[in-house]
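A.B. asks: Pasting the sequence and the predicted coordinates here, then a few questions.
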Amino acid sequence: MRVLGIETSCDETGVAVYDTKQGIIGQNIYSQVDLHAKYGGVVPELASRDHIQKTLPLIHQTIADSELKIDEIDGIAYTSGPGLTPALMVGATLGRALAWSLDVPAIAVHHMEAHLLATLLAPSKPQLPFIALLVSGGHTMLVKVSDFGDYEILGESLDDAAGEAFDKTAKLLGLGYPGGPEIAHLAQKGSPGVFTFPRPMTDRPGLDFSFSGLKTAVQTAVNAVGELDVQTRANIALALEDAIVSTLFIKCRRALETHGIYQLVLAGGVAANQSLRARMKRLDASVHYPPISLCTDNGAMIAYAGHERLRRGLSTGLAVDCRARWSIEEIE
Ligand code: KG4
Ligand code: ZN
């Protein structure tokens, strides 16, 4: 069985084909980073217009790269949500229409479930049940995964996501978008201990997060130093990365201990962060994550999630299924 996956929930156009026997046999990604860079964040209308331009050519290219003909595809998976509605609508409409024209099932995929399942594309796979830390630009949550489709949110961010904290503070430091990779790169040159930022909500019980205060803390530090030379920027970047990584580490350790589960999955864009991966190795748990290229948004995770649904007999009707907000606990 072969499933074509289409991802257009934000600023990446991703397309891939997953084959039951061979795994991912073709994948392409087009990043809109340059388009949004001057705005310091994603502009939904521009994202949508660009997806309209790029998606169909990328599907054509991916089918060719996979050495397939379009009628050898058994199902079309598209990201249905959560995400930016104008962006989601492009992949959802194209995917649903393509499935109809080919007379194959369409599968609406939950973006965060796809991030989570991307870990199963890595050579070392977690065993069920496991705890997943999903950290992206839009979401930060700890999820107990008891089975495929059986997800319980143990805690989540009450305001900004971890990726958003990276992106917003990068903007304050005059760095480019997306901020996570920029901060991580700059942090390598930082001196530890020059700045210290809070580890929000770690002194309270529970597994929720709050990252919006970090940008205020960084703004205060920036105002206090006056001129921002390269070394000061690097010192702030290191302190910020350390605050986010430490907070995530403390909450993951608490989740594992509270639930007596010692399998942890890191997924979503921020899971590409090397300091986060290194820190999590200190946990008394077996830690798994997708390959770096499958941490940020991509079509492969959508093709794989769609394949996993289709092989369980799950598919979606003719209506285009598009949801800006959609809890991972509410996946049918
Ligand atoms: O999962 P993703 O590609 O898109 C969403 O679903 O939001 O995540 C994007 C987020 C951005 O906030 C970006 O700054 C962050 O992931 N990110 C990183 C790194 N690479 C991407 N954050 C920290 N370190 C990185 N290496
Ligand atoms: Zn994502």
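C.D. replies: The structure has been received and is ready for your questions. Ligands and ions are numbered 1, 2, ... in the order given.
A.B. asks: Kindly report the residues of this protein close to ligand 1.
C.D. replies: By the criterion of CB under 6 Å from any ligand atom, the positions of the chain lying close to ligand 1 are 10, 136-138, 163, 166-167, 178-181, 184, 268-270, 272-273, 296-297. Just so you know, the C-beta spots here come from the backbone N, C-alpha and C atoms, and that holds for glycine as well.
A.B. asks: so which of these also contact ligand 2?
C.D. replies: Filtering the residues of the chain next to ligand 1 for neighbours of ligand 2 using CB under 5 Å from the ion leaves S136, D297.
A.B. asks: Which members of the residues of the chain next to ligand 1 occur in helices, if any?
C.D. replies: With helices taken from DSSP state H, the overlap with the residues of the chain next to ligand 1 comprises G163, F166, D167, G179, G180, P181, A184.
A.B. asks: neighbour-wise, which of those residues leads?
C.D. replies: F166 (30 neighbours; other CB atoms under 10 Å).
A.B. asks: how about it, what does it touch?
C.D. replies: Residues near F166 by CB atoms under 8 Å, 6 or more residues apart in numbering: P178, G179, G180, I183, L240, E241, I244, V270.
A.B. asks: Pull the distance from stretch 254-261 to the chain's centre.
C.D. replies: For stretch 254-261, the gap between its own C-alpha mean and the chain's C-alpha mean amounts to 23 Å (CA atoms, centre = their mean, to the nearest Å).
A.B. asks: tell me which residues in it are buried?
C.D. replies: Within stretch 254-261, the residues scored as buried using 16 or more other CB atoms under 10 Å are R254, A255, L256, H259, I261.
A.B. asks: and which of the residues you listed is nearest to ligand 1?
C.D. replies: Top of the list for closeness to ligand 1, among these and by CB to the nearest ligand atom, is A255 at 20.0 Å.
A.B. asks: quick one on the thing from earlier: Q231: which of the buried residues of stretch 254-261 is nearest?
C.D. replies: Within the buried residues of stretch 254-261, proximity to Q231 (CB to CB) peaks at R254, which comes in at 34.7 Å.
A.B. asks: The closest one contacts L207, doesn't it?
C.D. replies: Yes - applying CB atoms under 8 Å as the test, R254 and L207 come out as touching, 6.3 Å apart.
A.B. asks: The helix or strand that contains P86: which residues count as buried?
C.D. replies: For P86, the host element (DSSP states H and E) is helix 85-102. Buried residues in helix 85-102, defined by neighbour count with 16+ other CB under 10 Å: 85-96, 98-99, 102.
A.B. asks: Neighbours of K281, how many?
C.D. replies: K281: 8 surrounding residues under other CB under 10 Å.
A.B. asks: do you know how far it is from ligand 2?
C.D. replies: Distance of K281 to ligand 2, computed by CB to the ion, to the nearest Å: 24 Å.
A.B. asks: do the same with V3
C.D. replies: Separation of V3 from ligand 2 (CB to the ion) stands at 19 Å.
A.B. asks: can you count the residues close to that residue?
C.D. replies: V3 has 28 neighbouring residues, counting by other CB under 10 Å.
A.B. asks: Just to check, I76 is in contact with L4?
C.D. replies: Yes - under the criterion of CB under 8 Å, I76 makes contact with L4 at 5.1 Å.
A.B. asks: OK, now which residue of the stretch 151-300 of the chain is nearest to ligand 2?
C.D. replies: D297 (4.4 Å; CB to the ion).
A.B. asks: residue contacts, that residue?
C.D. replies: Counting by CB under 8 Å, 6+ apart, D297 touches E7, S9, C10, D11, E12, G14, H111, G269.
A.B. asks: Apart from its chain neighbours, what residue comes closest to it?
C.D. replies: Taking CB to CB, 6 or more residues apart in numbering, and ignoring the residues beside it in sequence, D297 has E12 as its nearest neighbour in space, at 4.2 Å.
A.B. asks: Bridge partners for the one you found, pull those for me.
C.D. replies: Listed by DSSP bridges, the beta-bridge partners for E12 are S31.
A.B. asks: swap in the one 4 residues further on?
C.D. replies: Here A16 sits in beta bridges with G5, Q27, going by DSSP bridges.
A.B. asks: can you count the residues close to it?
C.D. replies: 29.
A.B. asks: Next one: it from I63, what distance?
C.D. replies: Taking CB to CB, to the nearest Å as the measure, A16 and I63 are separated by 11 Å.
A.B. asks: now do S48
C.D. replies: 23 Å.
A.B. asks: Alongside ligand 2, which residues does the stretch 101-250 of the chain contribute?
C.D. replies: When proximity is defined as CB under 5 Å from the ion, the stretch 101-250 of the chain approaches ligand 2 at S136.
A.B. asks: What's the nearest residue in the stretch 101-250 of the chain when you look at ligand 1?
C.D. replies: Counting by CB to the nearest ligand atom, the stretch 101-250 of the chain gets nearest to ligand 1 through G180 (2.0 Å).
A.B. asks: Now that residue. Nearest residue, chain neighbours left out?
C.D. replies: The shortest distance from G180 to any residue other than its chain neighbours is 4.0 Å, reached at F166 (CB to CB, 6+ apart).
A.B. asks: ditto for F197
C.D. replies: In space, F197 comes closest to A243 once its chain neighbours are excluded; the distance is 4.0 Å by CB to CB, 6+ apart.
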